[in-house]
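A.B. asks: structure for the following, please:
(one chain, ligands or ions: 1)
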Amino acid sequence: MSTVITADDMRFDAEHIWHPYTSMVNRYEQFPVVSAEGVTLTLADGRQLIDGMASWWSTIHGYNHPHLNAAIQEQASQMSHVMFGGLTHKPAIDLARRLLKMVPDALQQVFFADSGSVSVEVALKMAIQYWHSAGRPGKHRLLTVRNGYHGDTFGAMATCDPVNGMHELFTGMLPQHLFAPAPQCGYGDDWDEADISTLQQMLETHHEEIAALILEPVVQGAGGMRFYSPHYVRRARELCDQYEVLLILDEIATGFGRTGRLFACEHAGIAPDILCLGKALTGGYMTMAATLCTQQVSDTISQAGVFMHGPTFMANPLACSVANASLEILETGLWQTQVQALEQGLQLGLEPCRTLPAVADVRVLGAIGVVELIDPVNMAEIQPQFVAQGIWVRPFGKLVYVMPPYIMDAGQLDHLMSGIYKVLSSL
Ligand SMILES: *Cc1c(COP(=O)(O)O)cnc(C)c1O
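C.D. replies: All right, here's what the predicted structure looks like:
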């Protein structure tokens, strides 16, 4: 198979292939990539880019990793896929065992899903079916906070920020859930109980109709790249217990070490009733996600019937095998020093951006670095400028952010940081 990309291929792509969040008429330039190794993407014209995005939070151990390659190749020679209805297999069993060892003890059951959005759909269905099974079908609405992002499918969209969440256009077709203000206390700020008072009032008023509170713990991703106080998450857990509402934590972006803890809920020292995982689960190799729940949730649903969900490619063995290999690498614990080093490097490297005229704020947590600008970027202009610096950074709106592969070394990070500085200083 040829990996050469011709001008004709690029024309075909432009005319016939949708890319994420794009117009087929006013398209931004797409950059053809032919291979990826470590933290480097190689473009068709031979240029090499240091990847600041880890392919949307997922490629934590880097590209073309020998251990991950071997796992998927070996599994392909055994069995690439088999239906999960009535059948089971070792890659899925191993993966569920590994996940349960990593997450808070309260979580005991694993539902494998195809993508992050689907794992959120599954979580929402679980929460609603839980209350239905418990004889309280009136508890079917969801509560969340503004600036959240939980995915692009209909159920998930309805829990995204109604304005920033990219789905405003569909508002009239979505169930109307309850939105509290976004948390304002920053990650390291002193806790102010007023930060959660509206959420508390909404629970007080509506708890008889609320199935679950869904949150991205500590880091809100695509809804604004905001970091907030772990104490908020702790109080949210207490309020959920008090008002008999399930707590769903969406750790699709934050899971597997990204925030400096294996899971962001560890910053708060609490466990959710339902946990969504995705993105880095397979080390960035394949699409796969998981929804985990407590014994209480699974018993209540199961005593009343069956859980109503079952994707065709559920627990795909190739995805499970590469997820197992990725978790094996995480189990060595090396990620902790890698993420710490990245956190320091990002703090040092992004700090100079703070004084640039175009910049409103700079913030870093774990291996996540964010430069918030005063005005939204012009994507058509800025994307090629990053590429010209030999780095891959893909902003959205006012946010220029990076979450590099954990294996990025100091020299590569320097290159990434100085490239960002150069581009932003020209704005
Ligand atoms: C990316 C993301 C999702 C959606 O995952 P997909 O795999 O893109 O469907 C959901 N929640 C959060 C927090 C995410 O970052």
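
A.B. asks: from Gly269, how far off is the residue lying closest to His81 once chain neighbours are set aside?
C.D. replies: Using C-beta to C-beta, 6 or more residues apart in numbering and skipping residues adjacent in sequence, the residue nearest His81 is Asn316, 5.5 Å away. All C-beta spots, glycine's among them, are computed from the backbone N, C-alpha and C. Counting by C-beta to C-beta, to the nearest Å, the gap from Asn316 to Gly269 is 34 Å.

A.B. asks: just want to know which of those two has more residues nearby.
C.D. replies: Comparing Asn316 with Gly269 by other C-beta atoms under 10 Å, the one with more neighbours is Asn316, at 25 against 11.

A.B. asks: so how far is Gly333 from whichever residue of the chain sits closest to the ligand?
C.D. replies: Minimum separation of the chain from the ligand (C-beta to the nearest ligand atom) falls at Gly116, amounting to 2.1 Å. In this structure, Gly116 and Gly333 are separated by 25 Å, where distance is defined by C-beta to C-beta.

A.B. asks: so between those two, which is more surrounded?
C.D. replies: Looking at Gly116 and Gly333 with other C-beta under 10 Å, you find the greater number of neighbours at Gly116, namely 30 against 11.

A.B. asks: report the contact partners of that one.
C.D. replies: The contact partners of Gly116, by C-beta atoms under 8 Å, 6 or more residues apart in numbering, come to 151, 252, 276, 278-279, 289.

A.B. asks: where along the stretch 51-200 of the chain do the helices fall?
C.D. replies: Using DSSP state H, counting those that start in this stretch, the helices of the stretch 51-200 of the chain run over 54-57, 66-78, 90-102, 116-133, 154-157, 197-206.

A.B. asks: I'd like the next helix or strand past the last one.
C.D. replies: Looking back up the chat, that one is helix 197-206. Where DSSP states H and E defines the elements, the next helix or strand beyond helix 197-206 is strand 210-215.

A.B. asks: residues from the stretch 101-250 of the chain in reach of the ligand?
C.D. replies: If contact is defined as C-beta under 6 Å from any ligand atom, the residues of the stretch 101-250 of the chain in contact with the ligand are 115-117, 120, 149-151, 216, 221-222, 250.

A.B. asks: what about the nearest residue to Pro104 once chain neighbours are set aside, neighbour count?
C.D. replies: Computed as C-beta to C-beta, 6+ apart, the closest residue to Pro104 that is not its neighbour in sequence is Ala271, at 3.4 Å. For Ala271, the count of nearby residues is 19 (other C-beta under 10 Å).

A.B. asks: was I right to think Ala271 contacts Pro217?
C.D. replies: No - taking contacts as C-beta atoms under 8 Å, Ala271 lies outside contact range of Pro217: 10.7 Å.
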